[in-house]
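[1] coords please:
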Amino acid sequence: MAAAGGRKSIFITGAGSGIGRATALLFAEKGWFVGACDVNEPGLESLKAEIGAENCLIQCLDVTDRAAYQAALDAFSAATGGTMDVLFNNAGIGRGGPFVEQPWQDVMDVVNVNFVGVLNGIHLAFPLLKATPNALCFSTSSSSAMYGMAGIAVYSATKHAVKGLTEALAVEFKAHGVRAADTLPGLIDTPILPDDAKTTAPKEGMWRLMPPRAVAEACWGAYHTDKIHWYVPAELFDFDQMQTSNPEQARDVMATSGLFNQP
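    Coordinates of the predicted model:
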């Protein structure tokens, strides 16, 4: 088993590709020990080959399986001496379409992976975070947590839940010396984003296509500051402020954008 050797450590779900992989690479570059989990075993093996077996502990993990999650954390704890500097709740799936036409199993899979999986991770990993000075609980929310997005209504709802949970825990965890923050990415060039969305994304503005590394850098920034919400790109903050003050305007902007409306 790989050993952290006194280094700072990060535990990442959904680390086999996309944002999770980019974050694993960035933190490994910074000298951190990486706990990388995913259901994507080839992706994890490729990641280990890239950053070195001595710098990571890879584990196949379904975040909805609470017992398996605890076992993965136990293995990570054994490698780090019972500490965890960052928990990155990143695993997620995206299944869309008009809500009333979605298969119910798709609806529940999205809820279970995107929200219950986050609850599992935080609830189980908290003792490790509490045992580590200045620890951070970081989660991937979404720009769809700013205003519910047509066509991905359930996905959007889970990301609203992650955002709300983060804000609540940012308060609760202060008493334990643990911080909570999240990232609200827009269109990120990852496998979860449909190919047609990648090809039709605007070249500039807040809905432009961003690389996964940009979200990884938000996670790095979150560890070194006390800011709760990290927008990628930063211009999404302005949209979030607008929809808070005028949700009807936000609705109309999105309905006419062509990006999110469904027939």
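
[2] which SSE is Lys137 in?
    Actually, residue 137 is Cys. It isn't Lys. For Cys137, the host element (DSSP states H and E) is strand 136-140.

[3] Pull up the pairing partners for that strand, direction included.
    Under the criterion DSSP bridges, strand 136-140 sits next to strand 86-89 (parallel), strand 179-185 (parallel) in its sheet.

[4] most packed of those strands?
    strand 86-89 (a mean of 29; mean count of other CB atoms under 10 Å). For glycine as for every other residue, the C-beta is placed from the backbone atoms N, C-alpha and C.

[5] rewinding a little: need the next SSE after the strand holding Cys137, C-terminal direction.
    Next in sequence after strand 136-140, counting helices and strands by DSSP H and E, comes helix 153-172.

[6] Tell me the gap between the strand holding Cys137 and the middle of its chain.
    Its chain's C-alpha centre lies 7 Å from the corresponding centre of strand 136-140 when counted by CA atoms, centre = their mean, to the nearest Å.

[7] tell me the angle of that strand relative to helix 153-172?
    Relative orientation of strand 136-140 versus helix 153-172 (axes from the mean of the first three to the mean of the last three CA atoms, to 10 degrees): 170 degrees.

[8] Just the residues contacting strand 136-140, thanks.
    Outside strand 136-140, the residues that touch it by CB atoms under 8 Å, 6 or more residues apart in numbering are 14, 19, 85-90, 92, 118, 122, 125-126, 129, 162, 165-166, 169, 173, 178-183, 185, 215, 219, 222-223.

[9] ok, now stretch 53-66?
    Stretch 53-66 is contacted by residues 1-2, 13, 15, 24, 28, 33-39, 41, 44-45, 47-48, 68-69, 72, 75-76, 79, 91, 112-113, 116-118, 120-121, 124 when judged by CB under 8 Å, 6+ apart.

[10] now stretch 125-132
    Taking CB under 8 Å, 6+ apart as the rule, stretch 125-132 contacts 11, 73, 76-77, 80, 82-85, 87, 135-137, 173, 176-178.

[11] Put the alpha carbons of it into CSV.
    What follows is stretch 125-132 as a C-alpha-only set of coordinates in CSV (Å, rounded to 0.1, in the frame of the first residue of the first chain):
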residue,chain,number,x,y,z
ALA,A,125,-14.9,11.2,6.3
PHE,A,126,-15.6,13.8,8.9
PRO,A,127,-13.5,12.2,11.7
LEU,A,128,-10.5,12.3,9.4
LEU,A,129,-11.1,15.9,8.5
LYS,A,130,-11.6,16.8,12.1
ALA,A,131,-8.3,15.2,13.0
THR,A,132,-6.5,17.3,10.4
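
[12] from the chain's centre, how far out does that stretch sit?
    When C-alpha coordinates are averaged (CA atoms, centre = their mean), stretch 125-132 and its chain have centres 19 Å apart.

[13] Okay, buried residues for it please.
    Applying a neighbour-count criterion of 16 or more other CB atoms under 10 Å, the buried positions in stretch 125-132 are 125-126, 128-129, 131-132.

[14] Thank you kindly, that will do.
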